[in-house]
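# any chance you can model this:
(one chain, ligands or ions: 1)
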Amino acid sequence: MGEGGSRVTFTGSESPCASTGSFRFSRPAGYSYTAGQYFRLTLETREGPQTKSFSHCDAPGDAETLVLTRLTGSAFKDALLALRPGDLVTVEGPFGRLVLPAGVDRAAFLVGGVGITPMRSIVRDSVLRGTGLAALVFDGNLDETCVPMRGEFDAWERENPGITFVHVLERPSADWKGERGFITAETVLRHCDPHDGWHWFVSGPPAMVDPMGRVLEALGVDREHSSFESFAGYE
Ligand SMILES: Cc1cc2nc3c(=O)[nH]c(=O)nc-3n(C[C@H](O)[C@H](O)[C@H](O)COP(=O)(O)OP(=O)(O)OC[C@H]3O[C@@H](n4cnc5c(N)ncnc54)[C@H](O)[C@@H]3O)c2cc1C
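All right, here's what the predicted structure looks like:
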């Protein structure tokens, strides 16, 4: 990618659930990255040009780059919402080391909300390429109405025996049969032996990453078997 980034085209957006948006962009010419990495996006906002980092929510095999983000009312997010198909924006990348380490074939994730982005990139990459990665995803969200991309995750689970999603809902409806509250060490232990060959990934806003780091610590998972990406910029 050229010095100062590449110009790419905004192609469209969706709203996976309230206060969350997904935004699609064309790929820069000659761009390549590894699933789990991030890039920087520059937009013209009402406060002038601003640049923010976003993990690829897409897989390298996808035709387009996908951003999944929380719509906070900030100048940057309002500029994202104001984009019209065909508009040009600037991207720069790839960056980051939140990727599947060589030789790892069992990946476990403690994620939630928009923190699912690197997980979706890594697991989708495996599904598209048929690598047979075993994936165990603890996905924390508020309630059933807002589990971004759940339809796709359910389909992966049905079609790939090695992929399991554990949805953990903070305030589910009365008839929810799954996990409730926050993801804790006890939640994890109900579903796996954390030392059974898993490499652990934690990603998302600091308010998610910090407590999930403590969960791994309580489980005795060491740095060699875990990778972290904190979405600095969120409180
Ligand atoms: C490596 C990396 C990867 C990242 N990947 C992602 C990703 O995949 N998806 C993603 O969404 N972000 C990601 N981020 C964070 C992203 O770069 C932004 O910092 C983040 O989205 C917040 O931007 P903002 O414009 O909403 O908030 P800012 O304007 O920067 O505000 C900072 C804080 O204030 C809050 N805030 C802002 N405006 C309001 C308002 N009106 N009301 C209430 N609260 C408000 C925001 O939630 C945030 O907590 C990543 C960051 C890093 C470093």
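# wait, doesn't residue 107 sit right on residue 118?
No: under the criterion of CB atoms under 8 Å, residue 107 makes no contact with residue 118, lying 10.6 Å away. All C-beta spots, glycine's among them, are computed from the backbone N, C-alpha and C.
# okay, these two: which has more neighbours?
Neighbours per residue (other CB atoms under 10 Å) separate residue 107 from residue 118, with residue 118 holding more: 27 against 23.
# the more buried one: which element?
For residue 118, the host element (DSSP states H and E) is helix 117-129.
# what do residue 107 and residue 118 both touch?
residue 201 (CB atoms under 8 Å, 6 or more residues apart in numbering).
# show me where pLDDT drops low in this structure?
Along the chain, segments meeting pLDDT under 70 span 1-3.
# just give me the longest strand of it.
strand 6-17 (DSSP state E).
# the next helix or strand after that one near the ligand at all?
Tracing the chain past strand 6-17, the next element assigned as helix or strand by DSSP H and E is strand 20-26. No: applying CB under 6 Å from any ligand atom, one finds strand 20-26 separated from the ligand by no less than 8.5 Å.
# tell me the angle strand 20-26 makes with helix 117-129.
Taking axes from the mean of the first three to the mean of the last three CA atoms, to 10 degrees, one finds strand 20-26 and helix 117-129 inclined to each other by 50 degrees.
# can you list contacts of strand 20-26?
Counting by CB under 8 Å, 6+ apart, residues outside strand 20-26 touching it are 8-16, 41, 57, 64-71, 77, 80-81, 83, 89, 91, 113-114, 146, 148.
# tell me, which of those residues make contact with the ligand?
Near the ligand, by the rule CB under 6 Å from any ligand atom, you find 68-70, 77, 114 out of those.
# so what's whichever residue of the chain sits closest to the ligand closest to, chain neighbours aside?
At 1.9 Å from the ligand, residue 233 is the closest residue in the chain, using CB to the nearest ligand atom. Among residues not flanking residue 233 along the chain, residue 52 sits closest, at 6.3 Å (CB to CB, 6 or more residues apart in numbering).
# that neighbour: what's it in contact with?
Contacts for residue 52 were tallied using CB under 8 Å, 6+ apart; they are 40-41, 76, 233.
# repeat for residue 85
Residues counted as contacts of residue 85 (CB under 8 Å, 6+ apart) are 9-12.
# do the same with residue 59
Residue 59 makes contact with 35, 121, 124-125, 127-128, according to CB under 8 Å, 6+ apart.
# filter those down to the buried ones.
Neighbour-count burial (16 or more other CB atoms under 10 Å) applied to those gives 35, 121, 124-125, 127.
# let's have the residues you listed in a markdown table, adding distance to the ligand.
Shown next, in a markdown table, are the buried ones among the contacts of residue 59 (distance: CB to the nearest ligand atom, whole Å):
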| residue | distance to the ligand |
| --- | --- |
| 35 | 13 |
| 121 | 9 |
| 124 | 14 |
| 125 | 16 |
| 127 | 19 |
